[in-house]
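>>> Next comes the sequence, and after it the predicted model I'd like to discuss.
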Amino acid sequence: MEEIVKGLQTIGVAREPYSTTAEKCASVLIVLCEVDGECHVLLNKRSENLRRHPGQVCFPGGMREDTDTDTADTALRECQEETGLGRDDVRVRCVLPTLKVYQKTLLLTPVIATAPPNFFSSFSFTPNPEEVAAVFHVPLRTFLLAGDDKPPLISHSVEPNDAFDTHHFLVENKGQTFDVMGITAHLCICTAILALKRSPEFSYRLPSSYCLVTREFKERIQSLLIT
């Protein structure tokens, strides 16, 4: 796990307090854990009762609140509220560059954290039923593998002449099947590339048409991709 963390920390940015910016800010917590010798990542399925993105798979996370000191603080608070996973259960390792998503109106910061080996298998998650339908984990390498049943890449168009590619991964956990797609899938792919230092088995490009990332982040991802 330490080697995996090093791969992420090479691109991570400093954990800094929030500024007084009026821009909308949100954070997600990407929790990694070694399960039976393999790196797994934690994911949520959103409640079907939510107004926005009901039933979709996402990372624990949410919008900044006034009491949050920084992006990691937001991610940790939201994760505990949604899954029952507390601040003392994980260790924040690095903060990845902030993305601009949803037509570039929202600043989204991915925060990388780790849990002790096999913690996912022993911890009793307590999903908040108002927000979360399920909490599950899958091997991180899943997001570098080409699907057997269908291509993991589907093209969508939100505006004329502005198509973008979004990946879909059907993953299984405890007899349930989950569809990981959109920005969550992209973050899973990027995390897997950086952490495992492997290129995906499918063609991949960063979704520049609907989010912005730092040049350093793009260059690091591109350096690990098969050309």
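Yep, that arrived.
>>> The lengthiest strand in the chain pairs with which strands?
Counting by DSSP state E, the longest strand found in the chain is strand 24-35. Using DSSP bridges, the neighbouring strands of strand 24-35 in the sheet come out as strand 38-46 (antiparallel), strand 61-63 (antiparallel), strand 106-115 (parallel).
>>> Can you list phi and psi of the residue positioned nearest the centre of the chain for me?
In the chain, the centroid-proximal residue (C-alpha atoms, centre = their mean) is Leu187; its distance is 4.6 Å. Note on Leu187: backbone dihedrals following degrees, to the nearest 10 are phi -70, psi -40.
>>> separation between it and Thr105?
18 Å (C-beta to C-beta, to the nearest Å). (Each C-beta comes from the backbone N, C-alpha and C, glycine too.)
>>> Low-confidence ranges, the chain, go.
10-14, 20-22, 102-104, 147-165, 207-218, 220, 224-227 (pLDDT under 70).
>>> Would you map the strands across the protein?
Counting by DSSP E, the chain has strands at residues 24-35, 38-46, 57-58, 61-63, 91-95, 99-101, 106-115, 132-139, 153-159, 162-167, 169-173, 176-180.
>>> how about those in CSV, adding distance to Glu81 and mean neighbour count?
Formatted as CSV, the strands of the chain follow (distance: least, C-beta to C-beta, whole Å; neighbours: other C-beta atoms under 10 Å):
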stretch, distance to Glu81, mean neighbour count
strand 24-35, 11, 22
strand 38-46, 11, 21
strand 57-58, 14, 20
strand 61-63, 8, 18
strand 91-95, 17, 19
strand 99-101, 21, 20
strand 106-115, 15, 22
strand 132-139, 9, 19
strand 153-159, 30, 11
strand 162-167, 27, 16
strand 169-173, 22, 16
strand 176-180, 21, 16
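>>> Show the contacting residues for the nearest residue to Ala195 once chain neighbours are set aside.
Closest residue to Ala195 apart from its sequence neighbours, by C-beta to C-beta, 6 or more residues apart in numbering: Ile4 at 4.4 Å. Taking C-beta atoms under 8 Å, 6 or more residues apart in numbering, we find Ile4 in contact with 32, 39, 195-196.
>>> May I see the buried residues of stretch 75-94?
Neighbour counts over stretch 75-94 (16 or more other C-beta atoms under 10 Å) mark 75-80, 82-85, 89-90, 92-94 as buried.
>>> roughly how far is that stretch from the heart of the chain?
14 Å (C-alpha atoms, centre = their mean, to the nearest Å).
>>> contacting residues for Ser19?
Contacts of Ser19 (C-beta under 8 Å, 6+ apart): none.
>>> The one 5 residues further on now?
For Lys24, the set of contacting residues under the criterion of C-beta under 8 Å, 6+ apart consists of 63-64, 105-107.
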